[in-house]
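Asker: Sequence and predicted structure are below.
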Protein chains: 2
Amino acid sequence: MDQSLASTKNELIEKLGVLIESKEQMASVAARILAYLILNGKKGATFEQLVTDLCASKSTISTHLTHLHSAKRINYHTKLGDRKKYYVISPDSIIQSIDEMIEGWNHQKRIHIEIMAYKDACNCNRNNDGVSDFDLEFHKDYLVFIEEASTAILKLKEKLNARIKS
Amino acid sequence: MDQSLASTKNELIEKLGVLIESKEQMASVAARILAYLILNGKKGATFEQLVTDLCASKSTISTHLTHLHSAKRINYHTKLGDRKKYYVISPDSIIQSIDEMIEGWNHQKRIHIEIMAYKDACNCNRNNDGVSDFDLEFHKDYLVFIEEASTAILKLKEKLNARIKS
DNA sequence: CGATTGGTTCTGATTTAACCGAACTAATCG
DNA sequence: CGATTAGTTCGGTTAAATCAGAACCAATCG
């Protein structure tokens, strides 16, 4: 039972690690660290634990920890009479990646609008030969989608903020 | 005027290229090819054009074109009495990347559900010491978000399918 | 003080992807 | 047939990222 929970945990670290690695374009070990911390909960994890459980060298773990910390993705706390640091994912790590999603979509939106303007100009220029070079409908639909997705994620952000305050 | 349209085009190829490169995890030149084709519209572009306009070697262009073609991201047509191929983005290139988004979200959904189950099990195990290790609320909210985003993108897909048929 | 713990920093080694050049092929033209 | 066009394939180079090992540092313990 505890045995099977532990192996579930390892599988999840792996799966979540791969996900984070690709979604956030992050080094493999860095992503594993985040996954580990996420699945380790409030108790946090020490440097040593990470080294042994993730089977990585001290230098690798150290480098990534400093990186993640300065990127405010993780925090640490200490315990009285204990030199070790206990790392946990920072409360706004989630907020941060949500903000990145939002900015990503805004960026896409701006580009789609620019492309539409460009295509429009081209179509006007060449309508002489009868056939226009571009369809614009897709962009309109895509903008609707971006709008809906953005709304959904903003809603999520609101919920999280509300919970943090309480 | 035509001058400024051309430079707008180059800027857009660059911006769109970078976007595609990062969103679809694609090699730089491959992404530029797609961007170029998208901004070149129905008339298509030839091998030579890509080589000179993207300032890449024939080998690079050749390799990426075969890749993109076998991945069904691009198509080509020919003109009578002309050995050149005219490449265009395939009509379902968009559908394909939409499908990838959908699958991506389904995947995330499955992982979040697994994590919730794991955290739940942990919380039950240790509630003895009073404090539970995990909050589960975030996952619930995130699942709602995934649901909404998925709905939005499915709607987009429906629209596109409807347009293709007509 | 000397030893241990907890961690950092620096210097490669390894890996991998992306790209290019050059030699090559295959079809068409004159 | 020889030359040109259109494109492919192969081998090698370069650049960047990631990780590990070893030496190092700084704080604490006995």
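Answerer: Looks like it came in fine.
Asker: does A:Lys85 sit in a helix, a strand or a coil?
Answerer: Reduced to three states with DSSP: H, G, I helix; E, B strand; the rest coil, the structure at A:Lys85 is strand.
Asker: How much space separates A:Tyr87 from DNA strand D?
Answerer: 16 Å (C-beta to the nearest atom of the strand, to the nearest Å). To be clear about C-beta, it is placed using only N, CA and C from the backbone, and glycine gets the same treatment.
Asker: what's near enough to touch that residue?
Answerer: A:Leu37, A:Gly44, A:Ala45, A:Thr46, A:Phe47, A:Leu50, A:Leu65, A:Ile74, A:Asn75, A:Tyr76 (C-beta atoms under 8 Å, 6 or more residues apart in numbering or on different chains).
Asker: most surrounded residue in the residues you listed?
Answerer: Ranked by neighbour count (other C-beta atoms under 10 Å in any protein chain shown), those have A:Leu50 at the top, with 24 neighbours.
Asker: so which strand or helix has that residue?
Answerer: For A:Leu50, the host element (DSSP states H and E) is helix A:47-53.
Asker: Now do the contacts for the spatially closest residue to A:Tyr87 that is not a sequence neighbour.
Answerer: Of all residues not flanking A:Tyr87 in the chain, A:Tyr76 sits nearest, at 4.7 Å (C-beta to C-beta, 6 or more residues apart in numbering or on different chains). Residues in contact with A:Tyr76 (C-beta under 8 Å, 6+ apart) are A:Gly44, A:His69, A:Lys85, A:Tyr86, A:Tyr87, A:Val88.
Asker: Can you lay out the contacts of A:Tyr87 as JSON lines showing distance to DNA strand C and pLDDT?
Answerer: Formatted as JSON lines, those follow (distance: C-beta to the nearest atom of the strand, whole Å; pLDDT from 0 to 100):
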{"residue": "A:Leu37", "distance to DNA strand C": "14", "pLDDT": "98"}
{"residue": "A:Gly44", "distance to DNA strand C": "11", "pLDDT": "95"}
{"residue": "A:Ala45", "distance to DNA strand C": "10", "pLDDT": "97"}
{"residue": "A:Thr46", "distance to DNA strand C": "5", "pLDDT": "98"}
{"residue": "A:Phe47", "distance to DNA strand C": "3", "pLDDT": "98"}
{"residue": "A:Leu50", "distance to DNA strand C": "9", "pLDDT": "98"}
{"residue": "A:Leu65", "distance to DNA strand C": "6", "pLDDT": "98"}
{"residue": "A:Ile74", "distance to DNA strand C": "12", "pLDDT": "98"}
{"residue": "A:Asn75", "distance to DNA strand C": "13", "pLDDT": "97"}
{"residue": "A:Tyr76", "distance to DNA strand C": "8", "pLDDT": "96"}
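Asker: burial count for A:Leu156?
Answerer: Neighbours of A:Leu156 using other C-beta under 10 Å come to 23.
Asker: Which strand or helix spans it?
Answerer: With secondary structure defined by DSSP H and E, A:Leu156 is part of helix A:137-165.
Asker: same for that helix, what does it pack against?
Answerer: If contacts are counted by 3 or more C-beta pairs under 8 Å, 6 or more residues apart in numbering or on different chains; DSSP states H and E, helix A:137-165 sits against helix A:93-126, helix B:137-165.
Asker: follow-up on the earlier one: next step: the contacts of A:Tyr87 restricted to helices.
Answerer: Among the contacts of A:Tyr87, the members found in helices (DSSP state H) are A:Leu37, A:Phe47, A:Leu50, A:Leu65.
Asker: secondary structure class for A:Asn10?
Answerer: A:Asn10 ends up helix, using three-state DSSP.
Asker: For the helix holding A:Leu156, what is the distance to the chain centroid?
Answerer: Computed by C-alpha atoms, centre = their mean, to the nearest Å, the chain-centroid distance of helix A:137-165 equals 16 Å.
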